[in-house]
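Asks: Could you look at this predicted model? Sequence included:
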Amino acid sequence: MTDEASKSLIAGLEAVIAAAEAGVSNAPLVDEARRHLVRQSRPVRLAVTGEYSSGKSTLVNLMAGARMVDTSILPTELPPVLFSYAAQGQVLCGWWGEPDRIASSEGDMAAMAQGQYDFLYVTTPTMTLRSIELIDLPGMNDPGRDDKATMRLAQRADGLIWCTNAVNAWRETERRHCAELSNSKSGRAILVVTHIDLAAVRDAVPRLMRRVKNEAGTLFRAVLPVATPTATAVQTALGTITDNRIWEESGAKALFDAITALTTEIEAAHVADTLAFLDSDAVQALLAGDQAKPIARPDELLSQWRGHMHNLSRRAPALEAEDLARLAIVALNELGETMGRLSVTHRKSAAWLRDEVTAVTGLITASDPARIAALLRQINRDLAQVIGKLDG
Amino acid sequence: MIPATIPLHEDSAIGSDVERTRRQLLDICDDLQETAEPALRDRIAPIRTQLANFVARIAIVGQMKAGKSTLTNSLTRQAALLPADINPWTSVVTRLHFGHPSGQTSGARFSFFDELQWQRLATRGGRLGELTEGLLDDYKREELFLQVNAMQSRARQRLGDSFEKLLGKTHRFETVTSEIVERYVCAGEEAEERLNRPAAGRYNDITHAADIFFPRAPFGCAVCIMDTPGTNDPLLIREEITHQNLENADYFVIVLTAHQALTDTDLQLVRVLKALKRDRMIAFVNRIDEVNNLVPDFEALRAQVQGRLAKELGGERIPVILGSAEWAGRASFGAEARGDEKLIAEVSALKRGLPDFEGVASDLGHGSKADRLLASGLAELEAILSKSIASGASATLFAGVMDELTALSRQVAGLAAVRLRSVDPEKAATPAPTFEIGTDAINRVIERVDTWRAKIRQSCEASRTETRIILASMIDKRLAENGAELLGVKPAADGSNGLDTLRDDLQERCHTGFSAAVDITWDALREINSAHLTMFKDPEAGPIANVKARTLGVLAVEPDYEKIYRPITLDVANNWFTNLLHRSGARLKSAMDLAGRQLLEACDAVLDQCIGEVAEEFEAATEAYLDDLNRVADGLIKAQKSSAPYTAKQAEAEYRAATSALQTLEALATDLGVVPSKSHD
């Protein structure tokens, strides 16, 4: 995406936030706009994960063109490390949820020494990092650590690179974690098989890759063997390659290409998402100054519908078929309208029901009161189900 | 295939001490049997059988691709017998028998699943399938079924429709080659590769057990080595097979990999093992030849693994060896170097400098083979195994056997002395005894023993019932208090896995109940013995006074706590269903109820086994005591009658055999430091 286009998206979002904050009961809209803003103003974030000592840190060093993270056979005590581009290389510490609180090693030595921070923040002037951020997560399956926190961080990243050691590649614990992550990372995960340069496995890599692809293929967009030390040897400190043939043979080229493709795809998806948000009825109404249509909450939707249903069932015995049909259509139209004012994410999850409501409204005629009742009951059931999901 | 039989150092091969002792005890049995009367022969025969069947059973366990098969090959000096491959390859528990009691020293036997096992596996996924029953909508359960189905159709494809005829059968071979082994115990290749090695894995899907036989060398005593499929394999069936076989071993070598020296998955395995035999585990951190920066981190890594294991094992420090099965193979089979001779020399020098290795290093001497053996960890592993075999199962067996043989020898010697005097009063220093044991006295003893039997039966039952009630309320209380934590829906306050703490507590409570039963029984046996001595205190009662009820057998009963640690629904839930259960309170409740029932059932089974065995041992010990009493009384009566069918020569031979047995036994007891003591905690 061009900087130009990106700037216009950001400007659009800022306008929405300004307009929304001026009005009342627009909190959900502001939150959503802020989420889009964060996504649009930072590079795509890829999490590098795997079990401990699976070669994550060595791979991160290669990808970041930096030799910042220590590699060791002992499980590392290091917190997550976030790599980001900056003209000046620095090691800082940071806290989740407090983007402004970044401490330099000089400024907050006490916090750094005592490890009272959530993550390390490393900046380097490596070109590859201009379009991505990398987060090196603590290794899983380490008896000294809780994997749940790491899993949450992995879930939150835009894409995932999972490292598995060729020596004992693709075990059940890895499969289980990846299957759990793949729910939210469909098509956005790459599996890297590391340590393929070791004498113990070198000659059998093709057969190993066949098995791993066979067993893990469905969870990843690509399964790639990488000889990280070989690749690192032909890479200079800031990411320049000194021998393209070796670079290619090590598998590093294929990995970098795959990462570029993944990043492009994620960026495009983010842009499409933000455009849809800016284009939504709620945002358009807000920008047009129409304060009469605030964002609807799921519980509001439910109480409004229940009111209609109560009214209908109380009056039904006394009503002519024509009046019943008319009231049902009014209730359904209003339901459709309120659903149109749900927040974008809610609206997405409820989109199928809105289509259903439109279709049902078209089916209602005065000829068959029993059929009207059946259709309303159906919508009632569907609505309960949708609301349950939106609330959860 | 060349069975390269290169023992490290002949006289100190694994278990040679144990074998020497066993031989001596067998000789005593033979000497006594040769001279003694038929009634005594019957008494000695079961003791002899116990000794003859002694085998040290060592299981090699660990995660997939840790290097178990390669290590097994080195340990058994069978170059390339068990195939190792980049993909998980071992799918059957393979038992390698060295000096099998049956006398078989070559060939192999491969048994297939029988019809029933196969059907169970196929229709319900075996025990794993049963555990997940009622929690149907789980991906892992489906996975399991898919795998079982795949296994079945693979079997059909490889063996044709007639494969069902093979079920329940056994294939035997006179001689065994690695090709034959591959055919039965290997997973085999994916379809596209099968053209190159068509026979590999042909029968593995239906093979249930593989037994391969060798002469006793290179080991010092009879040994059975079990190579197991790795845990943490996405093919769940392999893991299930390993779990089913763990209880059949006395010693465990846990193979870890230096890439990831100790993971949560390994600790799960250790938890299961500690319930079995907590003092008989050795951790072998393999693949040190493959990691960087080994030398500077060497001690730190060893200390960390040992520390974490100790935390899991309630403070107990088990041996941790850092080594390389690859190097061990090269040392054992003299294969070619692979360019890491420098690292081998460094590691060997490092180990020589550490106090722990002084003994092993000085036994090995110097030179490149010695360096490889030391660096590979094989020398340490063998030294430790040898030591634990000497102090483990064999020590318990020997103490019991020696106790019984001593009592029997004393009876024989006493009786022979009486006979000697009666057939040839000239030779006797004292006049023939006039002591006569009346039917009255015998009846009184029988009566007393019967009273004790009833009492013990009652006490064991009471101890079982009481323990059971306490266990049930423990389980209920804990599930009610923090079921959510146990299920992993909520993290435990202290960060522990709640279910394992519950299990530890249950095991402890079972142990209390079991110990109570042992105490009561042990006391009863000693009461019987002391009442016996009071009753027959007449100096003339000689041989009768020597009769006693054996007491060590009851201390040798070992509870099998592994059942408590076997996966139950709650573990299954912990891993796979957390999200699902989080949403539904009713499902959580039913999963907890089910889990509570399963845990109580497991505890029940443990109590049945261990308290049951204690009660049985009491019956057997008192039975033997009454037998001995009757036999000696009978012998005494016959000896005093002139018509006794004994010659002086026979009596003399009997006396000599018995006294020399007593001397040998006394010397052995001093050697082994066996003091009959109550130390079952």
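Replies: Okay, I see it. Numbers count the residues shown, from 1 in each chain, chains lettered A, B, ... in the order given.

Asks: Could you give the residue of the stretch 101-250 of chain A that lies closest to chain B?
Replies: Taking Cβ to the nearest Cβ, chain B has its nearest neighbour within the stretch 101-250 of chain A at residue A:168, 3.4 Å off. Every C-beta, even on glycine, is put in place using the N, C-alpha and C of the backbone.

Asks: Give me the neighbour count for that residue.
Replies: The criterion is other Cβ atoms under 10 Å in any protein chain shown. On that basis, residue A:168 has 27 neighbouring residues.

Asks: Residue B:111 falls within a strand, correct?
Replies: Yes - residue state for residue B:111 (DSSP: H, G, I helix; E, B strand; the rest coil) corresponds to a strand.

Asks: Please name the residues that touch it.
Replies: By Cβ atoms under 8 Å, 6 or more residues apart in numbering or on different chains, the residues touching residue B:111 are B:169-170, B:207-211.

Asks: go on, residue A:150?
Replies: Residue A:150 makes contacts with A:49, A:80, A:137-138, A:140, as judged by Cβ under 8 Å, 6+ apart.

Asks: so which helix or strand takes in residue A:273?
Replies: helix A:252-279 (DSSP states H and E).

Asks: next helix or strand past that helix?
Replies: On the C-terminal side of helix A:252-279, the closest following helix or strand by DSSP H and E is helix A:281-287.

Asks: Quick check: residues of the stretch 201-350 of chain B near chain A?
Replies: With Cβ under 8 Å from any Cβ of the partner chain as the criterion, the stretch 201-350 of chain B comes near chain A at residues B:232-234, B:236, B:239, B:257-265, B:267, B:287, B:289-294, B:297, B:300-301, B:304, B:308, B:326, B:338-339.

Asks: if you set the cut-off to 7 Å instead, what comes out?
Replies: When proximity is defined as Cβ under 7 Å from any Cβ of the partner chain, the stretch 201-350 of chain B approaches chain A at B:232-234, B:257-260, B:262-265, B:267, B:287, B:290-291, B:293-294, B:297, B:300-301, B:304, B:308, B:326, B:338.

Asks: and those, which are buried?
Replies: B:232-234, B:257-260, B:262-265, B:267, B:287, B:290-291, B:294, B:297, B:301, B:304, B:308, B:326 (16 or more other Cβ atoms under 10 Å in any protein chain shown).

Asks: sorry, back to before: turn the buried ones among the contacts of residue B:111 into a named ChimeraX selection, would you?
Replies: ChimeraX command restricting those to the buried ones, with burial defined by 16+ other Cβ under 10 Å:
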select /B:207,208,209,210,211
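
Asks: mind checking the SS state of residue B:77?
Replies: When classified by three-state DSSP, residue B:77 comes out as coil.

Asks: average pLDDT across the helix or strand encompassing residue B:74?
Replies: In this structure, residue B:74 is located in helix B:68-75 according to DSSP H and E. Per-region confidence: helix B:68-75 scores 91 on mean pLDDT.

Asks: Ok, stretch B:499-515 next?
Replies: Confidence for stretch B:499-515, expressed as mean pLDDT, is 87.

Asks: Not counting that stretch itself, show me its contacts.
Replies: Identification of contacts with stretch B:499-515 by Cβ atoms under 7 Å, 6 or more residues apart in numbering or on different chains yields B:271, B:275, B:463-464, B:467, B:470-471, B:474, B:478, B:486, B:559, B:561, B:564-565, B:570-571, B:574, B:599, B:603, B:606-607, B:610-611.

Asks: Please repeat the previous calculation with a cut-off of 6 Å.
Replies: When contacts are taken as Cβ atoms under 6 Å, 6 or more residues apart in numbering or on different chains, the neighbours of stretch B:499-515 outside the stretch itself are B:463, B:467, B:470-471, B:478, B:486, B:559, B:561, B:564-565, B:570, B:603, B:606, B:610.

Asks: and what of stretch A:248-258?
Replies: Residues lying outside stretch A:248-258 but in contact with it, judged by Cβ under 6 Å, 6+ apart, are A:190, A:222, A:224-227, A:230-231, A:247.

Asks: Just put those residues in a markdown table and tack on secondary structure and neighbour count.
Replies: Supplementary listing: the contacts of stretch A:248-258 in a markdown table, determined by DSSP: H, G, I helix; E, B strand; the rest coil; neighbours: other Cβ atoms under 10 Å in any protein chain shown:
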| residue | secondary structure | neighbour count |
| --- | --- | --- |
| A:190 | strand | 21 |
| A:222 | strand | 18 |
| A:224 | strand | 19 |
| A:225 | strand | 23 |
| A:226 | coil | 26 |
| A:227 | coil | 22 |
| A:230 | helix | 17 |
| A:231 | helix | 26 |
| A:247 | helix | 18 |
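
Asks: Poorly predicted segments of the stretch 101-250 of chain A, please.
Replies: Counting by pLDDT under 70, the stretch 101-250 of chain A contains low-confidence residues at A:101-115, A:182-185, A:238.

Asks: Recalculate using a threshold of 90.
Replies: Within the stretch 101-250 of chain A, the stretches with pLDDT under 90 are A:101-131, A:136-157, A:167-187, A:198-204, A:206-208, A:211, A:214-219, A:235-241.
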